[in-house]
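[1] Starting from these lines, generate the structure:
(2 chains)
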Amino acid sequence: MTEPAEKSDASLALILLLSVLIVATCGLIYELLAGTLASYLLGDSVTQFSTVIGTYLFAMGIGSWLSRYVTGDAMGVFVRVEMLIALIGGWSAAGLFILFPLVADFRFALYTLVLVIGLMVGLEIPLLIRILQRRFAFHELVSNVLTVDYVGALVASVLFPLVLVPQLGMIRTGFVFGLANVSVAIALLIILRKARRTAPDMAAALLVMASLIAGLIFAERMQRWSEVAFYQEPVIYARSTPYQRIVLTRRNDDLRLYLNGNLQFSSRDEYRYHEALVWPTLGRVAQPAQVLVLGGGDGLAAREILKDKRVERVTLVDLDPEMTHLFRETPQLAALNGQAFTSPRVSVHNADAFRWVRQAQGRYDAILIDFPDPTEFSLGKLYTENFYREVARLLAPGGVMAVQSTSPLIAPRSYWTVATTLEAAGLTARGYHAYVPSFGEWGFTMAAHGPIPPLATLPAGLRFLTPESEALMFDFPPDMARRATPVNRLDNQALVRSFSEEWAPYEG
Amino acid sequence: MRADRRGVLAGGSALAATALLPAGCADRPLVPGTLSGPDMTRGHRLRDGTYPAPSGPPARIGIAIAGGGVAGLSAGWTLLDAGFTDFVLYELEDETGGNARSDRNAVSAYPLGAHYLPVPNREAKALRHMLEQFGIITGADTAGAPRFDPLQLCADLEERLFWRGKWQEGLYPQSGLSAEEQSQRDRFYARMAEFRAARGADGRPAFASPSAYSSQDPHFTALDQQNFSDWLTQQGFTAPALRAHLRYCCRDDYGTEPEQVSAWAGLHYFAARRGWAADEQGDAELTWPEGNGRLIALMRARLKDHIRTASPVLRAAPDGVGVLIDRFDSHRGQTRQTSADCAILAMPYFVAHRVAPALSPARGFSYAPWVVANVTVSRLPRGPGAPLAWDNVSAGSDSLGYVVATHQNSSAGDGPSVLTWYMPLSRLSPKTAREALRSRSLSAWQQIVRDDLLQINPDLDGAIDRIDVWRWGHAMIRPTPGFLSDPARMAASALSPPLLLAHSDLSGLSLFEEAHYRGVAAAEAALRARGHTFTSRI
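    Numbering: from 1, shown residues only, chains lettered A, B, ... in the order given. Coordinates of the predicted model:
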């Protein structure tokens, strides 16, 4: 095919080769962005990267094959494809972030995007070879193009983890490389402007460029729109169930669970929290054969309880089946709770604990209540006198229970409301607290039918608690000391109200 | 009638205007749903009197109760509680319950009408006794104040108001009130507190619940002679936000505009509630997913062997010793006679005066029509500001908002629910409104309900699965000025055995406490006439 109007001047050849480099770099960047994003958002990076790379390479194959059907103006098609890649690739990271919380099937959106970008990049290289074929000998041409292509890949794969992601972040990286793509298109259009009519293409290219620049400027804001940015750490899993939004994040070995945006645990220090929740109670019960856990769908409290060989059965009631399913079936999460949910000693009931306790029969030697903080009225019901009366009915004589009760330092009124309410329900209550770095100073309330045994017998080998440190947890310095509070009842929801007042200064 | 005409002429609210549009014929419903209500055919047949002549020998019974609403069931419950079993309760409809009926679907039970009962006053002894038997009152504190089952008291958050684009706690607007408006509000509530504490020369509270315990001092009863709106203006209560709130209250309890409510009834709403309970729960309300349908079910469970449904009483005439009753057996298509020592007509006056020729015409009695829609939603409503409450009201709508059926019994934050939406057709005259009730199609009502809901909860778009519409042609007696001194009402209240009337119509206030009191009073009068010994609780 001949393109008589286009002079085979050196500058065009150089620009074209340079554009191979840029196209190759950009293509790989988009691929890396998609892979990284997928690992961030969906977890399991090995699977995400291999499927994204596979899809991308396959799509390039389809593009190369389709290039045979481009019979007319190869240069024109190349420029337009270049603009399309700039637009789609440039917006890909921003789009995926924004789409993530909105679409039902994120994977479909992801692979469609990878397929489209791969296809267009795959179309470009054969087109370039055809455009350049009259300027180089064939062996030289193949050598040049492939060399530049592979150098581009190296540039991209080195820049991406070392410079781009840490310096620019993924959304801006996308826009920057989109701009590189569209610059190639514009440069070519400028060179070709005498030889052909380029005005409509130029207008389109400038529009694409403007949209990418706008994206770059507003990248920060877009990052804020996307839920993912709400979390300090990369999100590896997010899902809305009928009851809550479950989000898992991970940075290095720190895995964190958020429910409706509230941190539930950090894998770095959750042992402190769960040892403090479980062992002071188990250590005060002579024979804890039957243990009830309300909430605790992450299975971490169950893991602690199962370490106690005296425990015959753990009954766990958590509202959300997706939560317990997640912590049973995901290897990484199940490892965290020591496969607690596959233990024959554990039975899980997915039910609203507020209703469940009213219908439940039987006696439990130890009861551990691990609900999210009382941030709303529906959760506040699980901290009421009425609820504790039902729980008390299920607590065996001589049994002991513990309730996670928010921070006694940040929210002392709320914290002591739990004790006041347990007492109003006819129980004896004692507060204790522990330092959990990711939470801060955290409080629990222990309760029993009669006097609470002063000392706990603890097993050896705990990471946090010893008999000496356990005893210290019951001591409250003046800034967290007990104060008079109302009883939290269904018809006053005193706890939800004080909780929102006390935490308000700590939340943006 | 003034306000009706104004409402109609000016187009009133959008809702009133919509209600006047011609009905679309046989148009398809927007979402699945039903259009129902009390059986109009049976009701009208009673009016038109096209029944076969009585056949067979008359049956004999000690006491006959005609009507299975709250008053009739309360009368029957009182008889059984006194150990009296020789009675039958006849009900026109297929189901007892009257205004307090309820229904259920896969998501929840829900009310078709009345949906709560305030914690009763000290004077409501009979009602308290029944609530004790039902386990709703679980004990008492050291001062003897009853302790209520917390699960049956309305859980916090009880009420929220959509005001200026945002939800706020409570039903009285809070933000953006001028100093004058705030001072009028404070003065109004101070005035109501005075009325609440006031007692007459007869030692009775100025306003009591049940109202029969109220003082008969002329300076209190004179309030019945003027309308609430005029009284408010006279007293200098003119602030728009205050008047809008008071209008809401009048429509909420009486289905009637303040211009048509007597000042006595208007004040009763604010000045009669002195709920008596332990644990500072006196201001609370009892509620259940099915509303007062719960109380109906509890009464019905005890009475079930005495109830005959689909059995309208056509005629009740004293025959010298007792009352001869004609009743229609809808299943067999025959009219039967029962000779009762005593008969309690537990039905609204506009029906009772047709059944009992002894009663004078119902001229002073008028009734407010209502529409109640049960809206099944796949997710709970939200909105800016205060979170979802049990009762959710918009300051800018002619509806009374919605209550959430699943409010009481769950701690799960989301998921499906049923919202019960209320609208008294108070801007129209009762007759025009009943015409609208009869002619309006299901889809037209659904449109009104949906538009009103989406106005305050746009977040419900796409979440409405069903709208079931229930029409009450004669939902509530209207406590119009002069009603308390209406001769027909006074004569009906003064009836003595063998023929008695028991209905909240006699109080002029369509409230559970009133209907219950009237039922108990009639039952006790009947027992006394029969020479049955019992402990009076009124």
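
[2] middle-most residue in chain A, spatially?
    residue A:235 (2.1 Å; Cα atoms, centre = their mean).

[3] That residue pairs with what?
    residue A:249 (DSSP bridges).

[4] go on, residue A:347?
    residue A:315.

[5] Would you mind listing the residues in contact with it?
    A:313-316 (Cβ atoms under 8 Å, 6 or more residues apart in numbering or on different chains). In this view, the C-beta of every residue, glycine as well, is placed from N, C-alpha and C.

[6] Could you show which parts of the stretch 351-500 of chain A are in contact with chain B?
    Counting by Cβ under 8 Å from any Cβ of the partner chain, the stretch 351-500 of chain A comes close to chain B at A:352-355, A:358, A:376-382, A:384-386, A:489-493, A:496.

[7] Whichever of those residues count as buried, I'd like them selected in ChimeraX; how would that read?
    To isolate the buried members of these in ChimeraX, using 16 or more other Cβ atoms under 10 Å in any protein chain shown:
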select /A:352,353,354,355,376,377,378,379,380,381,382,384,385,386,489,490,491,492,493,496
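
[8] out of the residues of the stretch 351-500 of chain A next to chain B, which are inside helices?
    If you go by DSSP state H, those have A:353-355, A:358, A:377-380, A:385-386, A:496 in helices.

[9] Show me which residues of the stretch 101-250 of chain B are close to chain A?
    B:150-151, B:153-158.

[10] let's see it at 7 Å
    Applying Cβ under 7 Å from any Cβ of the partner chain, we find that the stretch 101-250 of chain B lies next to chain A at B:150-151, B:153-157.

[11] Okay, helices next: where are they in the stretch 151-300 of chain B?
    With DSSP state H, counting those that start in this stretch as the criterion, the stretch 151-300 of chain B has helices at B:179-197, B:218-221, B:228-234, B:240-254, B:263-271, B:293-303.

[12] could the ones you listed be laid out in CSV, adding distance to residue A:220 and mean pLDDT?
    Listed next are those as CSV, based on distance: least, Cβ to Cβ, whole Å; pLDDT from 0 to 100:
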stretch, distance to residue A:220, mean pLDDT
helix B:179-197, 44, 96
helix B:218-221, 68, 95
helix B:228-234, 56, 97
helix B:240-254, 43, 95
helix B:263-271, 54, 97
helix B:293-303, 55, 97
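
[13] Of all these, which one comes closest to residue A:299?
    Closest to residue A:299 of those, according to Cβ to Cβ: helix B:293-303, at 38.8 Å.

[14] Tell me which stretches of the stretch 151-300 of chain A form strands.
    With DSSP state E, counting those that start in this stretch, the ranges of strands along the stretch 151-300 of chain A come out as A:235-240, A:245-251, A:254-259, A:262-266, A:290-295.

[15] show me the contacts for the residue of the stretch 1-150 of chain B found nearest chain A.
    In the stretch 1-150 of chain B, the residue that lies nearest chain A is residue B:150 (4.4 Å; Cβ to the nearest Cβ). By Cβ atoms under 7 Å, 6 or more residues apart in numbering or on different chains, residue B:150 lies in contact with A:386, A:489-491.

[16] and which of those is nearest residue B:481?
    For the contacts of residue B:150, with residue B:481 as the reference and Cβ to Cβ as the criterion, the closest is residue A:491, at 36.3 Å.

[17] need the residues of the stretch 151-300 of chain A near chain B, please.
    The interface of the stretch 151-300 of chain A toward chain B, taken as Cβ under 7 Å from any Cβ, is made up of A:242-244.

[18] Kindly list the main-chain dihedrals of the closest residue to chain B within the stretch 101-250 of chain A?
    Nearest residue of the stretch 101-250 of chain A to chain B: residue A:242, at 5.3 Å (Cβ to the nearest Cβ). Main-chain torsions, residue A:242, degrees, to the nearest 10: phi -60, psi -20.

[19] Neighbours of the closest residue in space to it that isn't next to it in sequence, how many?
    Computed as Cβ to Cβ, 6 or more residues apart in numbering or on different chains, the closest residue to residue A:242 that is not its neighbour in sequence is residue B:415, at 5.3 Å. Residue B:415 is flanked by 16 other residues according to other Cβ atoms under 10 Å in any protein chain shown.

[20] Tell me the spacing between residue B:415 and residue A:376.
    Relative to residue A:376, residue B:415 is positioned 14 Å away (Cβ to Cβ, to the nearest Å).

[21] ok, now residue B:251?
    Here residue B:251 is placed at a distance of 31 Å from residue A:376 (Cβ to Cβ).

[22] Surely residue B:393 and residue B:161 touch.
    Yes: between residue B:393 and residue B:161 there is a contact at 5.2 Å, judged by Cβ atoms under 7 Å.

[23] okay, and the common contacts of the two?
    With Cβ under 7 Å, 6+ apart as the test, residue B:393 and residue B:161 both reach residue B:171.

[24] could you point out which element follows the longest strand along chain B?
    Ranked by residue count under DSSP state E, the longest strand found in chain B is strand B:464-477. The helix or strand immediately downstream of strand B:464-477 is helix B:487-493, counting by DSSP states H and E.

[25] contact partners of that following helix?
    B:349, B:359-360, B:362-364, B:483, B:501, B:506.

[26] Give me the nearest residue to residue 278, chain neighbours excluded.
    In the absence of a named chain, this looks at chain A. Take residue A:278 and drop its neighbours on the chain: the residue closest to it by Cβ to Cβ, 6+ apart is residue A:304, 4.1 Å away.

[27] meant chain B actually
    Nearest non-adjacent residue to residue B:278 (Cβ to Cβ, 6+ apart): residue B:141, at 3.7 Å.

[28] hang on, isn't the one you found packed against residue B:147?
    Yes: counting by Cβ under 7 Å, residue B:141 touches residue B:147, with 6.2 Å between them.

[29] These two: which has the busier surroundings?
    residue B:147 (14 against 11).

[30] Got phi/psi on that one?
    Main-chain torsions, residue B:147, degrees, to the nearest 10: phi -110, psi 130.

[31] Tell me the predicted confidence for it.
    Model confidence at residue B:147, given as pLDDT, is 95.

[32] List the beta-bridge partners for it.
    The partner residues for residue B:147, given DSSP bridges, come to residue B:139.

[33] got the contact list for it?
    Here residue B:147 is in contact with B:137-141, B:278-279 (criterion: Cβ under 7 Å, 6+ apart).

[34] Using TSV, lay out those residues together with pLDDT.
    What follows is these, written out as TSV (pLDDT from 0 to 100):
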residue	pLDDT
B:137	97
B:138	95
B:139	95
B:140	95
B:141	93
B:278	93
B:279	85
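
[35] Show me which of those are buried.
    By 16+ other Cβ under 10 Å, the contacts of residue B:147 give B:137, B:278-279 as buried.

[36] In strands only, show me these.
    Using DSSP E, these in strands are residue B:137.

[37] nearest to residue B:512, of the buried ones among the contacts of residue B:147?
    residue B:137 (15.3 Å).
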